[in-house]
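just coords:
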């Protein structure tokens, strides 16, 4: 995993209580976060857009607010499981490393976290 991806993962953890970062430096893999989701056409999120995201919203509602698809960062469980969760990531507008992530469970926002959005 490259240093930039490690820094992004660490930045995500800053806004999350109890976050545990597990890093295997020997396996970058296809699912490793990219250095710049905006460079991949994923767009960026503003503080105003982040503040508009509410618990219970669907991914489509969040995507409409942000104005771009997020990058699938994590998937926990299987879709048919009652506690299936997915986390989407957006690079942010603000300080270096600004970002936001939104966690969905059963198709609805259950939590969100951000770092450095302006």
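Cool, got the structure. This one's a predicted model, so the numbers in the text were calculated from it and none came from an experiment.

Just name whatever secondary elements the longest strand along the chain is in contact with.
Scanning the chain for the strand with the most residues, using DSSP state E, yields strand 94-105. Secondary structure elements in contact with strand 94-105, counted by 3 or more Cβ pairs under 8 Å, 6 or more residues apart in numbering; DSSP states H and E, are helix 3-14, strand 85-92, strand 108-117. No exception for glycine: its C-beta is placed from N, CA and C like everyone else's.

so what strands line up beside that strand?
Note on strand 94-105: by DSSP bridges, its sheet partners are strand 85-92 (antiparallel), strand 108-117 (antiparallel).

which of the residues in the first one are buried?
Spelled out, that is strand 85-92. Of the residues in strand 85-92, those scored as buried under the neighbour-count criterion (16 or more other Cβ atoms under 10 Å) are 86-92.

Out of the residues you listed, which comes closest to residue 60?
residue 88 (11.7 Å; Cβ to Cβ).

Next one: the closest one from residue 103, what distance?
With distances taken as Cβ to Cβ, to the nearest Å, residue 88 is found 8 Å from residue 103.

again, but for residue 65
Using Cβ to Cβ, residue 65 is found at 16 Å from residue 103.

if we can go back for a sec, save the strands paired with strand 94-105 as a markdown table, and put in mean pLDDT and distance to residue 48 too.
As requested, these are exported to a markdown table (pLDDT from 0 to 100; distance: least, Cβ to Cβ, whole Å):
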| stretch | mean pLDDT | distance to residue 48 |
| --- | --- | --- |
| strand 85-92 | 97 | 12 |
| strand 108-117 | 98 | 9 |
